[in-house]
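Colleague: I'd like to go over a predicted model; first the sequence, then the structure.
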Amino acid sequence: MVEVQYCKPDTVREGRSMSTPSRRAISLLGIAVLAFTGCTLRPKLTAATVERSGDTEIVDVTLRAADARSIKRRELYFSIVVFDCNKHDNRLPIQPYVSGQPVSRFSFPVEGEFVTVRGSMPADVLRDFQIPCVFLRGGGYSPGKIQTETVPLKRRTGGDGSQGK
């Protein structure tokens, strides 16, 4: 049988309980830390592809619709960031769109199971990348950030028949 001891809020027994002012201080400190650091949303990218169309590379990044709803609800601004996985430099942020609408307007559709975020960049950007990779990164006015894992960009055949790297 287990014996349970109850303590008054201002009593300390064996270092297990804190006084009410100490609890308030720690609670306020916790809230301040959360407000300062914010909450980081870490959506999982399910696919990332790139396709050449003339002088432009079209980048499509797919994530779960539930994550897209969270981004929209929390109004988290973000960019699609393309870079060389081997060098980790030459990062290029790309403006994201969903169904032709800029994500920054937060009026994009989030129906279905997945949402594809699209951006474009000049075709010559990937010329010097050995292994092109992508991630999403950003934040909002209220505390909160978005950071996904890095995934490699897979090449698709372009509509104009051209093959990139």
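Modeller: Perfect, thanks for sending it.
Colleague: can you give me the helices in this structure?
Modeller: Counting by DSSP state H, the segments of the chain that form helices are 20-37, 65-74.
Colleague: let me see the mean pLDDT of the longest one.
Modeller: The average pLDDT for helix 20-37 rounds to 58.
Colleague: over to stretch 43-63?
Modeller: Mean predicted confidence for stretch 43-63 is 94.
Colleague: can you mark which positions in it are buried?
Modeller: For stretch 43-63, the buried set under the neighbour-count rule, 16 or more other Cβ atoms under 10 Å, comprises 43, 45, 48, 50-52, 57-63. Where C-beta positions appear, they are placed from N, C-alpha and C, glycine not excepted.
Colleague: that stretch: end-to-end distance?
Modeller: 7 Å (Cα to Cα, to the nearest Å).
Colleague: what's the offset of that stretch from the middle of its chain?
Modeller: Relative to its parent chain, stretch 43-63 has a centroid offset of 16 Å by Cα atoms, centre = their mean, to the nearest Å.
Colleague: hmm, residue 144 is touching residue 70, no?
Modeller: No. Residue 144 is beyond contact range of residue 70, at 9.5 Å (criterion: Cβ atoms under 8 Å).
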